[in-house]
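> Okay, here's the prediction I keep looking at, along with the sequence it came from:
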Amino acid sequence: EENIRFAQKFGIPFIDADYDRQQWFDRAKGMEWEPERGIRCTMCFDMRFEKAAEYAHEHGFPVFTSCLGISRWKDMDQINGCGHRAAEKYDDVIYWDYNWRKAGGSQRMIEISKRERFYQQEYCGCVYSLRDSNKCVKKQGDKKLKLVNSITRQIKKLIKKEPHFQHAVLFYLIDDGTPT
């Protein structure tokens, strides 16, 4: 919702390319324990960029890009490689691999995030990254553990309501680091 609100604020049309969770889980099968920045991330970027490139092609957008590389947690070469690979499928589309970290881009991102009160998380957004982030927080004894436990409860409620999330629980690590 934050991204929609932000786009509307500046009069920019927001396009939701219909992310397919089930397809993501199907493609991630066997990669559940891969590390951050590993092959699971490449698969995820490929999937997202394939959809973005297809949409650009079908709707007459000659260029597409991503701001994923602004995150210090992401491998910019990995992201850009996936973007270029997706664009190669179309003669009329290119991927723009801009380095958003340079020229104060990271600082600008922080300023905008604070000003707009964007939610900031310390994981990429996939359930496996969240699992690993929770494990790390627990090891550190961080104060964020209360927040993590709150998120855990919310996710468990969501899974009860949404059966298609059920298999994700198997890989979600809770207090003792074992799958539930």
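Perfect, thanks for sending it.
> so what's S71 scoring on pLDDT?
pLDDT, S71: 82.
> how close does it get to C124?
Per Cβ to Cβ, to the nearest Å, S71 is found 8 Å from C124. The C-beta positions use only the backbone N, C-alpha and C, and glycine is treated the same way.
> which one of the two has more residues nearby?
Neighbours per residue (other Cβ atoms under 10 Å) separate S71 from C124, with C124 holding more: 20 against 15.
> and that one, what is it in contact with?
Contacts of C124 were listed using Cβ atoms under 8 Å, 6 or more residues apart in numbering, and they are 36, 41, 44, 73-74.
> possible to save those residues as JSON lines with distance to E50?
Formatted as JSON lines, those follow (distance: Cβ to Cβ, whole Å):
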{"residue": "E36", "distance to E50": "21"}
{"residue": "C41", "distance to E50": "15"}
{"residue": "C44", "distance to E50": "11"}
{"residue": "W73", "distance to E50": "22"}
{"residue": "K74", "distance to E50": "18"}
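> among the residues you listed, who's most crowded?
Counting by other Cβ under 10 Å, top hit in these: C41 with 23 neighbours.
> So it is in contact with Q78, correct?
Yes. Counting by Cβ atoms under 8 Å, C41 does reach Q78; the two are 6.6 Å apart.
> Which helix or strand in the chain has the lowest average pLDDT?
helix 145-161 (a mean of 61; mean pLDDT, DSSP states H and E).
> Skipping adjacent residues, who's closest to L68 in space?
Leaving aside its sequence neighbours, L68 sits nearest to I79 (Cβ to Cβ, 6 or more residues apart in numbering; 5.0 Å).
> Name the residues that touch the one helix or strand the one you found maps to?
Here I79, judged by DSSP states H and E, is contained in helix 76-87. For helix 76-87, the external contacting residues (Cβ under 8 Å, 6+ apart) are 37, 41-42, 45-46, 49-50, 52-53, 64-66, 68-69, 93-95, 97, 99, 101.
> Not counting the longest helix anywhere in the chain itself, show me its contacts.
Longest helix of the chain, by residue count under DSSP state H: helix 39-58. The contact list for helix 39-58 (Cβ under 8 Å, 6+ apart) reads 15, 17-19, 23-24, 27-28, 31-32, 34, 61-64, 66, 68, 74-75, 78-79, 81-83, 85-87, 89-90, 92-93, 95, 124, 126, 128.
> Any buried residues in it, and which?
Of all the residues in helix 39-58, those buried under the rule 16 or more other Cβ atoms under 10 Å are 40-53, 56-57.
> Could you give the separation of it from the chain centroid?
Relative to its parent chain, helix 39-58 has a centroid offset of 12 Å by Cα atoms, centre = their mean, to the nearest Å.
> so it versus helix 76-87, what angle?
Relative orientation of helix 39-58 and helix 76-87, computed by axes from the mean of the first three to the mean of the last three Cα atoms, to 10 degrees: 40 degrees.
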